[in-house]
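Q: give me the fold of what follows.
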Amino acid sequence: MSLSVLVHDEVGAALQDGRPVVALETTLVSHGFTGGAGLAVARESQDRVRAAGAAPATIGVLDGAIRVGLSDFDLERVAEAGLTARKVGARDLAACVVQGALGSTTVGGTLAVCRIAGISFLATGGIGGVHRGFAEILDISADLLQLARTPALVVSSGAKSILDVPATSEMLETLAVPVLGWRTPTLPLFYTATGGPQVSAVVSTGEEVARVARAHWAVNPEGGLLLGRPPDEGLDLEYLIADAVRQVKDAGVTGQAVTPAVLALIEELSGGRSVEVNRALIVGNAGLAAEVAVAYAAGAAGS
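A: Model (predicted):
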């Protein structure tokens, strides 16, 4: 049995013509927000990508196939599934397809599909990384390994701040993943713009990011890059995050269920303020990823 990969017409035409494409993950649709708000964020992200001149490739697993580019009807199906949708990392793609399950892709799962489809840019809110307390339980997101082995640039507002961000930064260095700061010398802390670890380089324009990516892939053709974009309006929620992480740990939640449980609790504890920041940064990151993808395509056309 071969793996079934269905590419949406809009995405396929863009890839064939060498036009810019930006991949978008679907875990944020099913697991990232409560009350179905993830669907609106996904739609807004797609609109922002198109407005910047690129084609959005929202990725998921439906009806026994990996879908590269989802219709609005398919997005609604993912949103309606909610937490019952499988959370699909790279390791889960094959089983989800074979078993005909509905799956929403994590950053790592989306990157694995990017490698298959030949997509070089991805936008998300925050990547996974090294979890707090990893010395007791070795909990490290597969997002990091997939980023290290995929020739794609990921635009995010750093790693999710519920994680151990300094340890995540050290792991990215170990994996030789360049961490670029979008007009900032430090890696954003998801909800917060400042206070994170130093980035490996500061970049200021989409054209500059595109040139760095092209040069990196000349040196390491199989490796990815991370571009950290600070949230436009951040919140200092560290005291809430620490409390939420503790409560979820005390409740015995483990594995892939940890992140959605912590995010939902942070939403509750912050009175919904975290959701507005999360929504805005995801859409803003999609727009920046499209800007870089357009600059990269223009450079390729002019070379």
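Q: buried set for the helix or strand where Val245 lies?
A: Using DSSP states H and E, Val245 falls within helix 238-250. Residues of helix 238-250 classed as buried by neighbour count (16 or more other CB atoms under 10 Å): 240-241, 244-245, 248-249. Where you see a C-beta, it was placed from the backbone N, CA and C, and this is true even at glycine.
Q: and what of stretch 87-103?
A: Buried-residue list, stretch 87-103, by 16+ other CB under 10 Å: 87-90, 92-93, 96-97, 101-103.
Q: related to what we said a few turns ago, can you pull out the residues in contact with the helix holding Val245?
A: 132-133, 161-162, 191-192, 258, 261-262, 265-266, 269-270, 274 (CB atoms under 8 Å, 6 or more residues apart in numbering).
Q: strands of the stretch 101-250 of the chain, start to end?
A: Here the stretch 101-250 of the chain has its strands, by DSSP state E, counting those that start in this stretch, at 103-105, 121-123, 153-156, 179-182, 201-203, 225-228.
Q: columns mean pLDDT on top of those strands, output as CSV?
A: Formatted as CSV, the strands of the stretch 101-250 of the chain follow (pLDDT from 0 to 100):
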stretch, mean pLDDT
strand 103-105, 98
strand 121-123, 98
strand 153-156, 98
strand 179-182, 98
strand 201-203, 98
strand 225-228, 98
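Q: got JSON lines for these, with distance to Leu83 too?
A: As requested, the strands of the stretch 101-250 of the chain are exported to JSON lines (distance: least, CB to CB, whole Å):
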{"stretch": "strand 103-105", "distance to Leu83": "10"}
{"stretch": "strand 121-123", "distance to Leu83": "23"}
{"stretch": "strand 153-156", "distance to Leu83": "22"}
{"stretch": "strand 179-182", "distance to Leu83": "31"}
{"stretch": "strand 201-203", "distance to Leu83": "37"}
{"stretch": "strand 225-228", "distance to Leu83": "27"}
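Q: which of the ones you listed sits closest to Leu15?
A: For Leu15, the closest of these is strand 121-123, at 12.0 Å, according to CB to CB.
Q: what is the closest one packed up against?
A: When contacts are defined as 3 or more CB pairs under 8 Å, 6 or more residues apart in numbering; DSSP states H and E, strand 121-123 packs onto strand 21-24, helix 107-117, strand 153-156, helix 273-302.
Q: and the spatially closest residue to Leu269 that is not a sequence neighbour, what's its pLDDT?
A: Leaving aside its chain neighbours, Leu269 sits nearest to Leu240 (4.6 Å; criterion: CB to CB, 6 or more residues apart in numbering). What the model reports as pLDDT for Leu240 is 73.
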